[in-house]
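Student: This is the structure alone, sequence omitted:
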């Protein structure tokens, strides 16, 4: 195993030790239909201006829909959303994913999960390509929160 391979394996092993909240990032596809993916790489960036970032694999179907100005939604999942996380994590065909969970279009037609821990509506402000992923910086346009704070957490290949 070469040194870069050892580093990559070591990094993957290290990151399995990091617990992360699970979200679904959704948008409208080029055909106008809904697209989405599960993500654990979502974090706040700044409160002024209100912004967040999400890392999206360039091979993900969602990636092709993200341009400067594109609207997208981040639905933070609760402990009751394991089935949603599994569907959007690749265990279900893309065209069937929005059949799992209670989804509705927001005012701009972007899918949001009705009973999410929080729903954050954003607009792509910047895209930074790095390796296999793009860092998507989203300018936050609106936020809604609901229920008790009980996020779905993912660590070491499983939900906690």
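Tutor: Here it is on my side, so go on. Note that the structure is predicted; figures quoted are calculated from it, not measured. Residues are numbered from 1 along each chain as shown.

Student: Going by C-alpha atoms from here, please, whenever you check contacts or count neighbours.
Tutor: Fine.

Student: Who does the closest residue to residue 51 other than its chain neighbours form a beta bridge with?
Tutor: Distances taken as Cα to Cα, 6 or more residues apart in numbering place residue 139 nearest to residue 51, at 4.6 Å, with adjacent residues excluded. Beta-bridge partners for residue 139, by DSSP bridges, are residue 51, residue 123.

Student: ditto for residue 74
Tutor: Applying DSSP bridges, one finds that residue 74 bridges with residue 25, residue 120.

Student: start at 162 instead
Tutor: Okay, using 162 as the starting number, the last item reads as residue 235.

Student: which ones are touching it?
Tutor: Residues counted as contacts of residue 235 (Cα atoms under 8 Å, 6 or more residues apart in numbering) are 184-187, 273, 280-283.

Student: Apply 10 Å and report the result again.
Tutor: Each residue near residue 235 by Cα atoms under 10 Å, 6 or more residues apart in numbering is listed here: 184-188, 197-200, 203, 213, 215, 272-274, 277, 279-283, 299, 301, 304.

Student: Nothing else from me, thank you.
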